[in-house]
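Novice: Structure here, sequence nowhere to be found:
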């Protein structure tokens, strides 16, 4: 595949924060005396800020308007960030390898803009990204294609020439729905179902396997492997 750009997810792909989101949200529910629905964690993976804050307020019953719930949650996440961002092994090196391989990087994440910018700054790679998108800036979160499609638009690249690096089922679906090839790196936290992983162009154990050589071997979306 002639890859023109690589677009990274953030939470669960570069930083090990999916469990922190769950911890903060569960903590809000517990503080407000609300039970945690069995499917709440998986349901919110990939949702945009307006979507998950509405879910917490209306489905889980967390106190406050969706906007107030979003602020309480994001403030809780920022506290974790200030104590030390949990970076996944090989994250910075993988970003630098992909920049060297393509010269064009993007990020498409469900994290709000304030956390997206803080994370890239903490990783020390802000200047390597030519476009970044938070799904709070588009019409719908993952698995809708909006975030990845918008990132490709900002990069000036057709989605069929871009590769998404993802960990979650909804993230993989989002990139596929945008017409992109996907490299999946399944996490220990809520790994995607086998049928979703089967749709990825490559499945890696960790970020060390994300190399320029791998990109060249990927099939172009819409063609046989």
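Specialist: Yes, it's here. Owing to the predicted nature of the structure, the values given are computational and were not obtained by experimental measurement.

Novice: Span of stretch 54-74 from start to end?
Specialist: Terminal residues of stretch 54-74 are spaced 14 Å apart (Cα to Cα, to the nearest Å).

Novice: Please state the offset of it from the chain centre?
Specialist: Relative to the mean C-alpha coordinate of its chain, stretch 54-74 is positioned 21 Å out (Cα atoms, centre = their mean, to the nearest Å).

Novice: cool, stretch 139-148 as well?
Specialist: Counting by Cα atoms, centre = their mean, stretch 139-148 comes out at 11 Å from the chain centroid.

Novice: That one spans what distance, first to last residue?
Specialist: End residues of stretch 139-148 are separated by 12 Å (Cα to Cα).

Novice: What of stretch 209-218?
Specialist: One end of stretch 209-218 to the other measures 13 Å (Cα to Cα).

Novice: Can you check what pLDDT the model gives the residue lying farthest from the centre of the chain?
Specialist: The C-alpha centroid of the chain is most remote from residue 33, which lies 29.7 Å away (Cα atoms, centre = their mean). Note on residue 33: pLDDT of 97.

Novice: again, but for the one 5 residues further on
Specialist: Taken from the predicted model, the pLDDT recorded for residue 38 is 94.

Novice: Which secondary structure state does it sit in?
Specialist: Assigned by DSSP: H, G, I helix; E, B strand; the rest coil, the conformation of residue 38 is coil.

Novice: Tally up the residues packed near it, please.
Specialist: Residue 38 has 8 neighbouring residues, counting by other Cβ atoms under 10 Å. For every residue, glycine as well, the C-beta is placed using N, CA and C.

Novice: picking that back up, check which helix or strand covers the residue farthest from the centre of the chain.
Specialist: Following DSSP states H and E, there is no helix or strand that holds residue 33.

Novice: so who does it touch?
Specialist: For residue 33, no residue meets the contact criterion (Cβ atoms under 8 Å, 6 or more residues apart in numbering).

Novice: what's the spacing between it and residue 61?
Specialist: 9 Å (Cβ to Cβ, to the nearest Å).

Novice: Stretch 165-179: end-to-end distance?
Specialist: End-to-end distance (Cα to Cα), stretch 165-179: 14 Å.

Novice: If you could redo that for stretch 31-42, that was the one I meant.
Specialist: So stretch 31-42: terminal residues 21 Å apart, Cα to Cα.

Novice: Any buried residues in it, and which?
Specialist: 34, 40, 41 (16 or more other Cβ atoms under 10 Å).

Novice: between those residues, which is closest to residue 50?
Specialist: residue 40 (16.7 Å; Cβ to Cβ).

Novice: Find the nearest non-adjacent residue to that closest one, please.
Specialist: residue 60 (6.0 Å; Cβ to Cβ, 6 or more residues apart in numbering).

Novice: Give me the neighbour count for that neighbour.
Specialist: Applying other Cβ under 10 Å, I find that residue 60 has 21 neighbouring residues.

Novice: how much space between it and residue 35?
Specialist: Following Cβ to Cβ, the distance that separates residue 60 from residue 35 is 8 Å.

Novice: quick one: common contacting residues for those two?
Specialist: Common neighbours of residue 60 and residue 35 (Cβ under 8 Å, 6+ apart) are residue 29.

Novice: residues making contact with the longest helix seen in the chain?
Specialist: Using DSSP state H to define each element, the chain has its longest helix at helix 66-83. Identification of contacts with helix 66-83 by Cβ under 8 Å, 6+ apart yields 17, 20-21, 24-25, 27-28, 49-50, 52-54, 56-58, 62-64, 112, 114-115, 118-119, 122.
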